[in-house]
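Participant: just a sequence and a predicted model for now, questions to come.
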Amino acid sequence: MHNWLLPEYIEDLLPPTALRMENLRQVILNLFRVHGYELVTPPLIEYIDSLLTGAGSDLDLKTFKLVDQITGKTMGLRADITPQVARIDAHLLNRQGVTRLCYAGSVVHTLPDGTHRSRELMQLGAELYGHPSYEADVEIQKLMLNALKLTGAGELHLDIGHVGVFRGLLQHANIAPDDVPAIFAALQAKDVSSIRELTAHLESSLQEAFCALPSLYGGIEVLDEAFRVLPSQLDISQALEELRAIISELKDEAKINIDLAELRGYHYHSGVVFAVYTSNHPTPLAQGGRYDEVGKSFGRSRPATGFSLDLREIATQFWRSTGPQAILAPFLRNAKLAEKINELRTRGEIVIIDLPGHDEHRDEYGYDRILTQDTQGEWTVSIRPNNAQ
């Protein structure tokens, strides 16, 4: 085995992709900043009991584990930053009002989420704590959509659901906890025949309500159908009304699909759940939801809603920065030239010195302009000759 080979589904980011990702990171974090979201940077590793607190079994399976050589305790290489940010809000900041936090950092999964996806992600996200109502969900989803619009991903499709519908239905039907996983799996597979079999012991109206969930997918009309076929139970009605209010606020931001059988993160989320897609890309660009119960695991229950995205995948697949490339400067010991180069770099321009002896490799620099000296001895930027129209 060659010692330079990387593990499966792990890869280097090379120029210019690495620069695209860094530029996009700065652009999106600045968007978060001007909306009042404060940046935090949690550690890459934590003790496993803290890292997985309140996160559910799915995250446990994704997490690489190792032994701390100092204490002998089991540590984890984080697979999701969101629980860490919830810990910071609940345990370290200890604020009483609304707190807005954001983050960007690497996470690693034991297995890839898809055939062509990396096990190392650059997770970027925003979380809003301390506000229990749908207005906070709307703020987070608008922020998410605005961030994705900066990436050049094209037309956005927002899929939205609410775990409160399923939980309310389970409660109304008095489903035993041991029976929930099978029904949940059948719903995720939209397997109506299995749902019908698993709910055969229920009265017909409740059985039909469970069987109807996979078909409750589409536009705003789905909510009217849901009110018709689902029980008039308080939790279910409140969840449907929350969805109606959120969709009313977001209808001009993206194409919206309601999916009442979408229960991604069911064991983690407590309310609205959502994911954003675009054409010709099979996996979500971003996803999130409300998770009011996680902070309780850290000693302080706080309403919470947020989203995250994989910056690495988006920078690779979609985003292309626009604007000028580099400026090529000759290798000369010239005071005016050095002054001009410093001036350009201070303005944010990339200036590459053309070291001697590399004429045949000059095209690798990726420059579109050059520094030339005019007849008065002044140095000016001009278009690269073969770039001129």
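Facilitator: Structure received.
Participant: once you drop chain neighbours, what's closest to G130?
Facilitator: V98 (4.4 Å; C-beta to C-beta, 6 or more residues apart in numbering). For every residue, glycine as well, the C-beta is placed using N, CA and C.
Participant: so what's the residue count around that neighbour?
Facilitator: Residues near V98, counting by other C-beta atoms under 10 Å, number 14.
Participant: one more: I175?
Facilitator: What I175 shows, counting by other C-beta under 10 Å, is a neighbour count of 18.
Participant: equivalent analysis for P284, please.
Facilitator: P284 has 18 nearby residues by other C-beta under 10 Å.
Participant: got the contact list for it?
Facilitator: Neighbour list for P284: A275, V276, Y277 [criterion: C-beta atoms under 8 Å, 6 or more residues apart in numbering].
Participant: part of a strand, is it?
Facilitator: Yes. Assignment of P284 by DSSP: H, G, I helix; E, B strand; the rest coil places it within a strand.
Participant: the worst-scoring helix or strand of the chain on mean pLDDT: how far from the chain's middle?
Facilitator: In the chain, no helix or strand scores lower on mean pLDDT, DSSP states H and E than helix 57-62, which sits at a mean of 84. Centroid displacement of helix 57-62 relative to its chain, using C-alpha atoms, centre = their mean, to the nearest Å, is 18 Å.
Participant: for it, buried residues please.
Facilitator: L59, K62 (16 or more other C-beta atoms under 10 Å).
Participant: for stretch 341-353, same thing?
Facilitator: Buried residues in stretch 341-353 (16+ other C-beta under 10 Å): I341, L344, I350, V351.
Participant: over to it now: how far is its first residue from its last?
Facilitator: Start-to-end span of stretch 341-353 (C-alpha to C-alpha, to the nearest Å) is 9 Å.
Participant: measure how far it is from the centre of its chain, please.
Facilitator: Per C-alpha atoms, centre = their mean, the centroid offset for stretch 341-353 relative to its chain is 34 Å.
Participant: same check, this time on stretch 338-356
Facilitator: With C-alpha atoms, centre = their mean, you get 36 Å for stretch 338-356.
Participant: repeat that for stretch 345-365.
Facilitator: For stretch 345-365, the distance to the chain centre is 36 Å (C-alpha atoms, centre = their mean).
Participant: so for it, mean pLDDT?
Facilitator: Stretch 345-365 carries an average pLDDT of 89.
Participant: and the contacts of it?
Facilitator: P324, Q325, A326, I327, L328, A329, P330, F331, I341, L344, Y367, L371.
Participant: ok, which pair from the residues you listed is furthest apart?
Facilitator: P324 and F331 (21.5 Å; C-beta to C-beta).
Participant: returning to that earlier point: save the contacts of stretch 345-365 as JSON lines, and put in distance to G130 and secondary structure too.
Facilitator: Listed next are the contacts of stretch 345-365 as JSON lines, based on distance: C-beta to C-beta, whole Å; DSSP: H, G, I helix; E, B strand; the rest coil:
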{"residue": "P324", "distance to G130": "44", "secondary structure": "coil"}
{"residue": "Q325", "distance to G130": "45", "secondary structure": "coil"}
{"residue": "A326", "distance to G130": "46", "secondary structure": "strand"}
{"residue": "I327", "distance to G130": "48", "secondary structure": "strand"}
{"residue": "L328", "distance to G130": "52", "secondary structure": "strand"}
{"residue": "A329", "distance to G130": "52", "secondary structure": "strand"}
{"residue": "P330", "distance to G130": "58", "secondary structure": "strand"}
{"residue": "F331", "distance to G130": "58", "secondary structure": "coil"}
{"residue": "I341", "distance to G130": "50", "secondary structure": "helix"}
{"residue": "L344", "distance to G130": "46", "secondary structure": "helix"}
{"residue": "Y367", "distance to G130": "50", "secondary structure": "strand"}
{"residue": "L371", "distance to G130": "53", "secondary structure": "strand"}
